[in-house]
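Trainee: Give the three-dimensional model of this entry:
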Amino acid sequence: MLSTIYESWIFNLDKKCFNNKRKVLLFVDNCPAHPKTLLNELKAIRVVFLSPNMTSKLQPMDQGFIKNIKHPYRRSIMQRNLRRMDSGIEIDNINLLESIELLHKSWGTVTQSKIANCFHKVGFTKEIQEQMEEEPIEKEHPTEWGRYQQLFPETNTAEFQHFVEVDSDVITTC
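Mentor: As a prediction, the model looks like this:
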């Protein structure tokens, strides 16, 4: 990320939060794209810079967010393809706009408690706070998954979870 993009984003967010009388605590990586010089200009956001060794400690939190979004996203793809098949419409690749819409829909399924649990797992809670019960990730729907496998034999995976995690080992950043 470029610092100009970050600055524009954080000032817009700050203005929105200030206008809505909301206070925000924002944790950010300690990197050149996040300049410390703008901290005094923010009205509603308090920025806390993470120490350099935090990346590996926060990875489980990142993975929690990804896991909570990926499952409903893959299910939406499966449902889209089933609807198209039922309507006699050719199944084609998902374009960028459709992908963004499905991702937006998937993000809407992530509850506050799922987000809080991601933070809890990496220690962003007080010791005395009782352990939050983890909400289960939505399980597969056997009927939909069975139909999907019949229509698309190339998806010969036995379990929906494998379908969801098929690209987990793919490197997505440099």
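
Trainee: rest of the way, CA atoms for contacts and neighbours
Mentor: Fine.

Trainee: for this protein, what are the low-confidence residue spans?
Mentor: 1, 55-56, 126-142, 155-161, 163-164, 168-174 (pLDDT under 70).

Trainee: Outline the domain layout of it.
Mentor: As given by the TED database, the domain ranges for the chain are 3-49, 60-124+132-165.

Trainee: Now do the end-to-end distance for the last one.
Mentor: End-to-end distance for domain 60-124+132-165, by CA to CA, to the nearest Å: 16 Å.

Trainee: again with the first one
Mentor: Domain 3-49 stretches 15 Å from its first residue to its last (CA to CA).

Trainee: ok, now stretch 124-144?
Mentor: By CA to CA, the extent of stretch 124-144 from end to end equals 38 Å.

Trainee: Report the buried residues of stretch 95-108.
Mentor: By neighbour count on 16 or more other CA atoms under 10 Å, the buried set for stretch 95-108 is 102-103, 106-107.

Trainee: residue ranges for the helices of this structure, please.
Mentor: Applying DSSP state H to the chain gives helices spanning 3-19, 54-86, 96-107, 112-121, 142-151, 160-164.

Trainee: Show me what the longest one is packed up against.
Mentor: If contacts are counted by 3 or more CA pairs under 8 Å, 6 or more residues apart in numbering; DSSP states H and E, helix 54-86 sits against helix 96-107, helix 112-121, helix 142-151, helix 160-164.

Trainee: Nice, that's everything, thank you.
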